[in-house]
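**Student:** The sequence and its predicted three-dimensional model are supplied below.
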Amino acid sequence: MFRPDSPPPDWFTADDSVLRVALVFPMQGSAGIFGPTCELCAQLAVEEVNRAGGVLGKELRLLPVDGGAAPREVADHVQALVDLGVVQGVTGWHISSVRQALAPRIADRVPYVYTALYEGGEHTAGVFLTSETPRDQLRPAMALLAHERGVRRWFVVGNDYVWPRRTARAAHAYARDSGGSVRGEVYLPLGTHDFDAVLRRIERSATDGVIMLLVGSDAVRFNRAFAAAGLDARCLRLSTLMDENMLMASGPTATVDLYSTAGFFASLANQDTLDFHGRYAGRYGVEAPALGSLGESCYEGVLLLAALIGRARTLDVSAIEAAAETVSYEGPRGLLHLRDSHVRQRIYLARADGVDFVVVAELDLHGSRP
């Protein structure tokens with residue numbers, strides 16, 4: 001990680017007064033579009049935690065790791081940092097393929113707070129999750145759109161990895177629950193640019209709604225192609241991964257009848273969100289990358305990691321797990337608690353209005369589980 005004939009970097013020097021955390025977020029690839037917001041939100045949380053006294057009396061510091069690299073490469077990097085004692089915790093937004101490669105490498109060794117929405121079912125020791133799962137996010141959104149918009153025929157377009165495929169599997173059941181069905185599925189490599197064949201299939205399927213399970217810039221390009229083909233006049237789109245940065249990159253002409261569902265939207269008119277806007281703008285200025293649910297999740301990740309360690313009063317993962325059910329913290333999503341290693345939170349449905357989101361409903365999560 002550094003040349004043996006050169007002085008070691010500052011982060012390699014042992015310092016008992018510092019608690020270092022690997023922040024794993026995308027610096028390249030399809031998800032790189034919201035990487036800058038992830039880093040800024042996480043750093044804001046660190047500064048606030050440190051002003052409040054740090055963690056276990058230690059200063060919290062972040063060590064950025066490129067979560068947009070190949071999953072095995074990311075896992076090798078983070079494992080090496082843990083092996084060397086360089087980091088004492090891990091957090092950040094990265095796709096599920098990275099989480100699946102990384103979690104077994106650091107299980108029971110350091111606490112790992114995963115902040116990305118994901119397919120559900122993660123129960124690896126020492127892994128805690130702040131974001132949404134399909135049962136809490138997609139299920140009620142599909143039910144509401146079936147009721148309010150009469151959507152019965154769905155088509156899934158996703159990237160080709162575990163999160164889209166497992167989410168689509170769940171979508172079949174959710175569609176049946178509302179008297180509908182999934183008419184087709186297409187999975188594309190990360191970094192896809194040509195959507196012509198997919199759009200022809202959507203048109204032939206006579207679908208009412210497209211479930212978008214595309215990451216970052218892939219979703220942006222799909223939105224533009226979808227609108228250019230005139231399909232936005234025929235069927236709505238529902239995404240569980242669409243933040244304000246992706247919306248702006250798509251452009252106002254490519255977001256007609258586009259819905260997103262998440263635990264946070266920058267347009268929420270509540271005090272928690274307004275306070276967060278003020279602190280973010282005060283720290284980084286009005287020209288900073290736009291706030292959105294994906295970047296904001298990294299703020300949540302830092303807060304949860306600090307709360308977990310602070311409650312257990314130790315870095316021991318077994319002790320942290322034992323105390324986890326009693327942990328709570330307050331952030332832009334309100335006062336939140338853990339259950340079964342997952343944060344329980346409100347989920348909203350928003351509709352695009354040009355390059356902004358308008359929240360149209362808080363979703364009914366009755367009976368949902370991770």
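**Tutor:** The structure has been received and is ready for your questions. Residues are numbered from 1 along each chain as shown.
**Student:** For the closest residue in space to residue 209 that isn't next to it in sequence, list the residues it contacts.
**Tutor:** Computed as Cβ to Cβ, 6 or more residues apart in numbering, the closest residue to residue 209 that is not its neighbour in sequence is residue 151, at 4.1 Å. The way it works is simple: take the backbone N, C-alpha and C, and place the C-beta from them, glycine included. By Cβ atoms under 8 Å, 6 or more residues apart in numbering, the contact list for residue 151 reads 142, 145, 180, 208, 209, 236.
**Student:** Am I right that residue 151 falls within a helix?
**Tutor:** No. Counting by DSSP: H, G, I helix; E, B strand; the rest coil, residue 151 is not part of a helix but coil.
**Student:** The stretch 151-300 of the chain: helices as residue ranges?
**Tutor:** In the stretch 151-300 of the chain, the helices defined using DSSP state H, counting those that start in this stretch lie at 162-177, 196-205, 217-228, 244-250, 271-284, 293-312.
**Student:** With only the CA atoms kept, save the third one in CSV.
**Tutor:** This points to helix 217-228. Output in CSV follows, covering the C-alpha atoms of helix 217-228 (Å, rounded to 0.1, in the frame of the first residue of the first chain):
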residue,chain,number,x,y,z
SER,A,217,-25.1,6.8,-14.5
ASP,A,218,-26.7,3.6,-16.0
ALA,A,219,-30.1,4.9,-14.6
VAL,A,220,-29.3,8.4,-16.0
ARG,A,221,-28.7,7.0,-19.5
PHE,A,222,-31.8,4.8,-19.3
ASN,A,223,-34.0,7.7,-18.3
ARG,A,224,-32.8,9.7,-21.3
ALA,A,225,-33.3,6.8,-23.7
PHE,A,226,-36.7,6.0,-22.2
ALA,A,227,-37.9,9.6,-22.7
ALA,A,228,-36.4,9.8,-26.2
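**Student:** tell me which residues in that helix are buried?
**Tutor:** Neighbour counts over helix 217-228 (16 or more other Cβ atoms under 10 Å) mark 217, 218, 219, 220, 221, 222, 223, 224, 225, 226, 227 as buried.
**Student:** Equivalent analysis for the first one, please.
**Tutor:** Buried positions in helix 162-177, judged by neighbour count with 16+ other Cβ under 10 Å: 163, 164, 165, 166, 167, 168, 170, 171, 174, 175.
**Student:** With the fifth one instead?
**Tutor:** Under the neighbour-count criterion of 16+ other Cβ under 10 Å, helix 271-284 has 273, 276, 280, 284 buried.
**Student:** Could you pull up the mean pLDDT of stretch 191-211?
**Tutor:** Here stretch 191-211 scores 96 as its mean pLDDT.
**Student:** Off-centre distance for it?
**Tutor:** Here stretch 191-211 is found 24 Å from its chain centre; the criterion is Cα atoms, centre = their mean, to the nearest Å.
**Student:** do stretch 137-146 as well
**Tutor:** The answer for stretch 137-146 is 19 Å, by Cα atoms, centre = their mean.
**Student:** Repeat that for stretch 333-344.
**Tutor:** Mean-position distance between stretch 333-344 and its chain equals 15 Å (Cα atoms, centre = their mean).
**Student:** Contacts made by that stretch with the rest, please.
**Tutor:** Taking Cβ under 8 Å, 6+ apart as the rule, stretch 333-344 contacts 122-123, 127-131, 133, 263-264, 270, 272, 296, 300, 304, 321, 324-325, 327-330, 345-346, 369-370.
**Student:** Which of the contacts of residue 151 sits closest to residue 190?
**Tutor:** residue 209 (23.4 Å; Cβ to Cβ).
**Student:** what sits against the residue most central in space within the chain?
**Tutor:** Closest residue to the average C-alpha location of the chain: residue 116 at 2.7 Å, with Cα atoms, centre = their mean. Residue 116 is in contact with 93, 94, 95, 96, 99, 131, 294, 297, counting by Cβ under 8 Å, 6+ apart.
**Student:** how near is the nearest residue to residue 255 once chain neighbours are set aside to residue 179?
**Tutor:** Closest residue to residue 255 apart from its sequence neighbours, by Cβ to Cβ, 6+ apart: residue 352 at 3.9 Å. For residue 352, the distance to residue 179 equals 26 Å [Cβ to Cβ, to the nearest Å].
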